[in-house]
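**Q** I'll drop the sequence and a predicted model, then ask my questions.
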Amino acid sequence: MNRISSYQKDRFYASAAWKKLRDYKLQMCPDCECPVCLEYGYSLPASEVHHIVDIDQDWSLRLTYSNLMSCTHDHHSRLTMQSLNVARDKERKNKRFDAVTERLLKAVTDTGGRGDSLVTN
């Protein structure tokens, strides 16, 4: 995941292009489009726009209309927290996988390619 600097994010969210697209999205979809509202048929007025694929994950989608979801403030906050938790969990899993892979490679290298220390009786 490419980390976008807070400066870049601030500039983007202050840009005329974002404000225009955000306003257009809210005009075209004035009700919350979050999964819960859609599933239960709620019709709550949206006040914010959520990036489905976060701009940290794919900067090129930042102004893509189909990557946007109208949301209430509360639902946007929850979606954002979920996205951050998923990204954090994925990063943790990748680190654990890398550590296990490193231990396996070391075991194989230390045994001359036989991997004897990997075999348990």
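**A** It's in. Numbering: from 1, shown residues only.
**Q** which residues are in contact with stretch 23-40?
**A** 42-47, 49-50, 65, 68-72, 75-76, 78-79 (C-beta atoms under 8 Å, 6 or more residues apart in numbering). Just so you know, the C-beta spots here come from the backbone N, C-alpha and C atoms, and that holds for glycine as well.
**Q** ok, now with 10 Å
**A** When contacts are defined by C-beta atoms under 10 Å, 6 or more residues apart in numbering, stretch 23-40 is touched by residues 42-50, 52, 65, 68-76, 78-79.
**Q** can you tell me how far residue 23 sits from residue 11?
**A** Distance, residue 23 to residue 11, using C-beta to C-beta, to the nearest Å: 18 Å.
**Q** cool, and residue 60?
**A** 16 Å.
**Q** Same check on residue 19?
**A** With distances taken as C-beta to C-beta, residue 19 is found 12 Å from residue 11.
**Q** Okay then, goodbye and thanks.
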